[in-house]
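1. no FASTA, just this:
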Ligand SMILES: NC(=O)N[C@H]1NC(=O)NC1=O
Ligand SMILES: [Zn+2]
Ligand SMILES: [Zn+2]
């Protein structure tokens, strides 16, 4: 016995040191500690904590299977192949979705919830209800349009207070990188230590007074701090250029004409910003002075020179990713009606040729992930009546329709359910450090959307729309295919057939 012990002890010691080593490695990355609220009562439209979801089309990392997903205490505890084979389950604990698609819930990493301070624009309650209705189970909130902006530990605390008992899906937070905290890194460190998943900055005016733009020098300062925390920097990548020449292309300068606006923000703005950024991301390579830092280009519109710069940086091993949004994939400048400011956003929606190339990049994997850049305002600031593209608020309201929009347009280009799920769930989860989310896999949070890709619906007043200002959405009045039926967040059935669970049981997600 004693001899055996002496043989086992060294092995045990090695095992323990390995475990400690991997634990420490892991804790260096963003680890998340959501306060898991228990299912029950008002959090879920389902009475069970242990149940099976069965369907003929479940999207898993191993492909689409027919079978069931077993959920217990908010986690996926088994994935069983074979439709109708649920083992020891009782009939009432099985939800049979037939041939509806069961997919990981969408993770939208670019949402402006605008609370505190601009709840008349959006808000935690309305924004996360819209998310739940759209099969979005996690959103990551942007640090601006809320007031004050999320640029310090204290302002993050205000966010968390405002979110309490109001969120229907899980919510992570980006902080803001502005000149003040880039030059006083203790503020930035405080913000990161308080749990933001990363920070976001603008290389052009943001349209929000308390969110000033950063130069590439501020960005370098920020990245050296982010490298230590191993969290990403998200960049609104446009730098204002001299645009006199472009205005000549449309000499009437009519502000109701979309082309007038389009010409004020040419692709060269995006290209100039990305050129400066890739000059810095070369240092993020393994072994480089900024190893650990990561740059993420938000809402890419230009699919030509700007995308080429990103592709080249990636080919050299730079730590860089890029997202685009459904509106750049759904619309082109040619179809935007005169005066229809619902389509105004920045960077702008460009021409049909640009859109085709953007789809190509999505399908070939050069675009890493999709996000909504859901950024509504009040109808008065969108100037719907006046139709003035130059003065209207730039931002598209879309959160609830991520899935049907991407699918309706994407399937024409051959987008598969697996690709859709990678772009909207797995990749965004990995990018934002959400290790237990983004895939239907054993051990993960049971964040699930059930939807019918083939079901068509008219997005009109008869369709339940949970956007705070439905009239602002560029998608209204269109026909889509892909109807969301049910949404689960950590096993809670938070949305079913047009109805939400009575209580808001989403949790804030903080990095540690
Ligand atoms: N502040 C804000 O939400 N801006 C967003 N709107 C938009 O169209 N592009 C953006 O960056
Ligand atoms: Zn932006
Ligand atoms: Zn945005």
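-> Happy to help now that I have it. All figures in this text were calculated on a predicted structure; none of them were measured in a lab. Numbers count the residues shown, from 1 in each chain. Ligands and ions are numbered 1, 2, ... in the order given.

2. next, count neighbours for residue 360.
-> Residues within reach of residue 360, counting by other Cβ atoms under 10 Å, total 14. For every residue, glycine as well, the C-beta is placed using N, CA and C.

3. what about the helices in the stretch 251-400 of the chain?
-> 258-264, 267-281, 305-315, 326-330, 352-363, 379-382 (DSSP state H, counting those that start in this stretch).

4. quick check, pLDDT for the residue nearest to residue 176 when sequence neighbours are not counted.
-> Nearest non-adjacent residue to residue 176, counting by Cβ to Cβ, 6 or more residues apart in numbering: residue 143, 3.6 Å away. What the model reports for residue 143 is a pLDDT of 99.

5. also residue 87?
-> Listed pLDDT for residue 87 reads 69.

6. between the helices of the stretch 251-400 of the chain, which gets nearest to ligand 1?
-> helix 326-330 (9.0 Å; Cβ to the nearest ligand atom).

7. other SSEs contacting that closest one?
-> Judged by 3 or more Cβ pairs under 8 Å, 6 or more residues apart in numbering; DSSP states H and E, helix 326-330 is in contact with helix 352-363, helix 402-410.

8. mean confidence (pLDDT) on that helix, please.
-> Across helix 326-330, the average pLDDT comes to 98.

9. contacts only, for the residue in the chain positioned nearest to ligand 1.
-> Distances between the chain and ligand 1 by Cβ to the nearest ligand atom are smallest at residue 345, namely 3.2 Å. Residue 345 sits next to 299, 327, 373, 375, 394-396 when contact means Cβ atoms under 8 Å, 6 or more residues apart in numbering.

10. close to ligand 1 as well: tell me which of the residues you listed qualify.
-> 373, 375, 394-395 (Cβ under 6 Å from any ligand atom).

11. most packed of the helices of the stretch 251-400 of the chain?
-> Sort the helices of the stretch 251-400 of the chain by mean neighbour count, taking mean count of other Cβ atoms under 10 Å, and helix 326-330 sits at the top with a mean of 23.

12. any chance you could list what contacts that one?
-> Under the criterion Cβ under 8 Å, 6+ apart, residues 299-301, 343, 345, 349-350, 355, 358-359, 362, 370, 372-373, 396, 398, 401-402, 405-406, 408-410, 474-475 lie in contact with helix 326-330.

13. which of those are buried?
-> Buried members of the contacts of helix 326-330, counted by 16 or more other Cβ atoms under 10 Å: 299-301, 343, 345, 349-350, 355, 358-359, 362, 370, 372-373, 396, 398, 401-402, 405-406, 408-410, 474-475.

14. so what's residue 156 up against?
-> Residues in contact with residue 156 (Cβ under 8 Å, 6+ apart) are 150, 173, 175, 191, 194-196.

15. any chance of JSON lines for these, columns secondary structure and distance to ligand 1?
-> Output for those, formatted as JSON lines (DSSP: H, G, I helix; E, B strand; the rest coil; distance: Cβ to the nearest ligand atom, whole Å):
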{"residue": "150", "secondary structure": "coil", "distance to ligand 1": "13"}
{"residue": "173", "secondary structure": "strand", "distance to ligand 1": "15"}
{"residue": "175", "secondary structure": "strand", "distance to ligand 1": "15"}
{"residue": "191", "secondary structure": "helix", "distance to ligand 1": "19"}
{"residue": "194", "secondary structure": "coil", "distance to ligand 1": "22"}
{"residue": "195", "secondary structure": "coil", "distance to ligand 1": "22"}
{"residue": "196", "secondary structure": "coil", "distance to ligand 1": "17"}
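
16. thinking again about what came up before, select, out of the helices and strands packed on helix 326-330, the one closest to residue 227.
-> Smallest distance to residue 227 across the helices and strands packed on helix 326-330 (Cβ to Cβ): 27.8 Å, for helix 352-363.

17. right, I'll call it a day here.
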